[in-house]
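*Asks:* Quick one, structure for this:
(one chain, ligands or ions: 1)
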Amino acid sequence: MMQIEVISLFPEMFSALTEHGITSRARQRSLYQLTLTNPRQYTQDVHHTVDDRPYGGGPGMVMLAEPLAAAITDAKARLQAKGLVPRVIHLSPRGQALTHAKVMALKECSGLVLLASRYEGVDQRVLDTLVDEELSIGDYVLSGGELPVMVLLDAIIRQLPGALGDADSAQEDSFVNGLLDYPHYTRPEEFAGLKVPEVLLSGHHEKIRQWRLQQSLLLTRAKRPDLLAARPLTKEEARLLGKQE
Ligand code: ADE
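*Replies:* Take a look at the predicted model:
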């Protein structure tokens with residue numbers, strides 16, 4: 001079972017992940033174990049201070065190194081005690097962009113320590129001494145790392161074997177084959193004057209597969225040409241794209 005340690009000043013936020021949907025079911029099925037640690041527990045002063053003003057001045061507050069380092073060190077030790085090699089990741093707009101490939105690599109890690117930071121940042125010495133890697137969920141700034149940690153965890157957990165009801169549904173998602181997902185239809189056969197494409201009613205599995213692949217290719221070319229440029233086309237894909245030109 002994947003062991004996940006999260007360090008956050010707002011551990012209650014993680015009920016969004018643990019109490020709902022696929023990520024909740026995966027936890028009930030013991031596909032992962034999540035341990036939340038509040039660095040405030042590691043403060044020594046009466047006010048339980050977790051942040052302070054930046055050296056050099058300027059706006060905003062900086063998360064203190066000591067409580068964070070203590071929380072991360074304990075989390076790592078818990079994983080090491082289970083024989084795991086922990087990987088410590090800080091979610092930050094400075095990090096490398098999260099991608100499907102990265103998610104697939106991380107789902108193989110048996111022990112993860114995820115640091116969600118608040119305020120203007122974290123004392124650099126924590127990052128220098130205890131963090132293996134920084135990851136960003138996109139080029140915009142959120143008020144804290146909790147949502148980014150949950151974005152990362154949701155993406156990982158749904159890839160764990162047994163997390164999805166239909167074993168194949170992660171196989172067909174966007175990005176899995178480097179393409180966007182094809183359009184989906186269910187009943188009724190006509191809605192708002194729009195009919196379900198004929199081929200999907202045909203029962204002809206091979207034709208349906210080809211139509212879906214073609215739709216994926218056309219959508220990707222229209223909306224995310226960068227994805228198409230990043231990978232070679234198979235002969236079949238080139239034919240399916242060519243057909244439309
Ligand atoms: N923390 C704040 N903004 C973030 C982002 N875009 N990605 C990861 N962590 C963050």
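
*Asks:* helices and strands around the lowest-mean-pLDDT helix or strand in the chain, which ones?
*Replies:* Lowest on mean pLDDT, DSSP states H and E among the helices and strands of the chain sits strand 121-122, with a mean of 94. Packing partners of strand 121-122 (3 or more Cβ pairs under 8 Å, 6 or more residues apart in numbering; DSSP states H and E): strand 62-63. Placement of C-beta: from N, CA and C, glycine included.

*Asks:* what's the strand it packs on packed up against?
*Replies:* strand 51-52, strand 121-122.

*Asks:* quick one on the thing from earlier: residues of the helix or strand that the least confident helix or strand of the chain is followed by that come out buried?
*Replies:* Counting by DSSP states H and E, the next helix or strand C-terminal to strand 121-122 is helix 124-130. Buried residues in helix 124-130, defined by neighbour count with 16 or more other Cβ atoms under 10 Å: Val126, Leu127, Leu130.

*Asks:* nearest to His47, of these?
*Replies:* Comparing these against His47 with Cβ to Cβ places Val126 closest, at 20.4 Å.

*Asks:* can you pull the contacts of that closest one?
*Replies:* With contacts defined as Cβ atoms under 8 Å, 6 or more residues apart in numbering, Val126 is in contact with Met63, Ala65, Leu68, Ala69, Ile72.

*Asks:* so what's Ser136 bridging to?
*Replies:* Counting by DSSP bridges, Ser136 is bridged to Ala97.

*Asks:* wait, isn't it in contact with Ala97?
*Replies:* Yes - at 5.6 Å, Ser136 counts as touching Ala97 under the criterion of Cβ atoms under 8 Å.

*Asks:* on that earlier part again, just give me the closest of the buried residues of helix 124-130 to Ile208.
*Replies:* Ile208 lies nearest to Leu127 out of the buried residues of helix 124-130, by Cβ to Cβ, at 49.6 Å.

*Asks:* Just give the closest residue to that closest one, not the sequence neighbours.
*Replies:* His90 (6.3 Å; Cβ to Cβ, 6 or more residues apart in numbering).

*Asks:* My guess is that neighbour contacts Ser117. True?
*Replies:* Yes - the pair His90 / Ser117 is scored as a contact, 6.7 Å apart, by Cβ under 8 Å.

*Asks:* Can you pull the residues that touch both of the two?
*Replies:* Going by Cβ under 8 Å, 6+ apart, residues that sit against His90 and also against Ser117 are Gly145.

*Asks:* Looking at these two, which one has more neighbours?
*Replies:* Neighbours per residue, other Cβ atoms under 10 Å: of His90 and Ser117, the larger number sits with His90, 27 against 24.

*Asks:* List the buried residues for the helix or strand harbouring that one?
*Replies:* Using DSSP H and E, His90 sits in strand 87-97. Neighbour counts using 16+ other Cβ under 10 Å place Arg87, Val88, Ile89, His90, Leu91, Ser92, Gly95 of strand 87-97 among the buried residues.

*Asks:* Now do the domain split for the chain, please.
*Replies:* Residue ranges for the domains of the chain, per automatic domain parsing: 2-157, 174-242.

*Asks:* just those domains: most buried one?
*Replies:* Mean neighbour count, computed with mean count of other Cβ atoms under 10 Å, is highest for domain 2-157 among the domains of the chain, reaching a mean of 16.

*Asks:* For it, measure first residue to last.
*Replies:* In domain 2-157, first residue to last residue: 9 Å (Cα to Cα, to the nearest Å).

*Asks:* Could you do stretch 218-235 as well?
*Replies:* Per Cα to Cα, the first residue of stretch 218-235 is 15 Å away from its last.

*Asks:* Return the distance of it from the chain's centre.
*Replies:* With Cα atoms, centre = their mean, to the nearest Å as the basis, stretch 218-235 stands 23 Å off its chain's centre.
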